[in-house]
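Chemist: using only what follows, build the 3D model:
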Amino acid sequence: MSIEPAVRAPLVLASASPRRRQLLAQAGVAPDEIVVPAIDESPLPAEPPRQAAVRLALAKAQACARPGAYVLAADTIVAVGRRILGQPDDEAAARAMFELLSGRGHRVFTAVAVAAPDGRLATRLSETRVKMKRLAAREIDALVACGQWRGVAGGYQIQGLAGAHVVALVGSYTGVVGLPLHETLGLLSGHGWRRP
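Modeler: Numbering: from 1, shown residues only. Sure, this is the predicted structure:
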């Protein structure tokens with residue numbers, strides 16, 4: 001009697017973010033499928049930043065969950081105190097964010113959620129403290145002009161031009177980019193996912 005080899009459950013990435021795909025590739029992980037969750041990503045009124053990140057990551061995982069697959073989702077929130085800095089809509093909003101971040105510390109919360117093939121849900125939260133130097137007007141002009149603020153929480157990409165102005169970082173660098181790899185791989189392996 002022959003024994004059939006176990007079928008590996010596919011890994012679905014519930015994110016349109018190219019940065020998350022790049023981070024997974026950096027760790028040698030290639031999702032079998034990419035699905036964009038259709039959820040409202042707005043924080044709730046007076047919702048604390050860390051709770052917003054966890055809630056939204058879970059909502060994304062649940063929206064894309066399917067039997068027999070691992071679904072990986074994440075959400076990144078940038079906050080100054082309790083104030084959540086979303087994705088700037090235009091150059092004026094991006095400039096206002098850089099002026100707010102200038103010379104001041106802020107926190108980046110990235111929550112990771114996994115929906116396992118058996119329906120179990122789990123999350124991990126990465127919290128990173130980041131501080132930018134005091135930005136001169138010409139530096140803010142350059143950050144706005146480069147356009148890297150488009151489509152990213154807090155209006156900056158630490159792996160881009162803004163990274164040159166970061167003077168302190170305590171926590172997960174990959175969490176600030178958008179997917180904390182240590183927490184992500186631990187969460188997946190803890191729920192039985194194995195590399196192909």
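
Chemist: buried ones in stretch 146-159, by neighbour count?
Modeler: Using 16 or more other Cβ atoms under 10 Å as the test for burial, stretch 146-159 gives 148, 149, 152, 153, 154, 155, 156, 157, 158, 159. Backbone N, C-alpha and C define where each C-beta goes, glycine included.

Chemist: among those, which ones are in helices?
Modeler: Counting by DSSP state H, no part of those is found in helices.

Chemist: which one of the residues you listed is nearest residue 34?
Modeler: When these are compared for distance to residue 34 (Cβ to Cβ), residue 152 comes out closest, at 18.3 Å.

Chemist: touching, that closest one and residue 94? I think so.
Modeler: No: look at residue 152 against residue 94 with Cβ atoms under 8 Å: they stay out of range, at 9.8 Å.

Chemist: which residues does residue 57 contact?
Modeler: Residue 57 makes contacts with 73, 74, 75, 111, 112, 113, 123, as judged by Cβ atoms under 8 Å, 6 or more residues apart in numbering.

Chemist: pLDDT wise, what is the last one at?
Modeler: The predicted local distance difference test score for residue 123 is 96.

Chemist: same thing with the fifth one?
Modeler: pLDDT, residue 112: 97.

Chemist: show the pLDDT at residue 119.
Modeler: For residue 119, the predicted pLDDT is 89.

Chemist: then residue 1?
Modeler: Reported pLDDT for residue 1: 39.

Chemist: please enumerate the helices of the protein.
Modeler: 18-26, 49-64, 91-101, 137-146, 173-177, 181-190.

Chemist: of the ones you listed, give the one that comes closest to residue 33.
Modeler: Among these, the nearest to residue 33 by Cβ to Cβ is helix 49-64 (9.3 Å).
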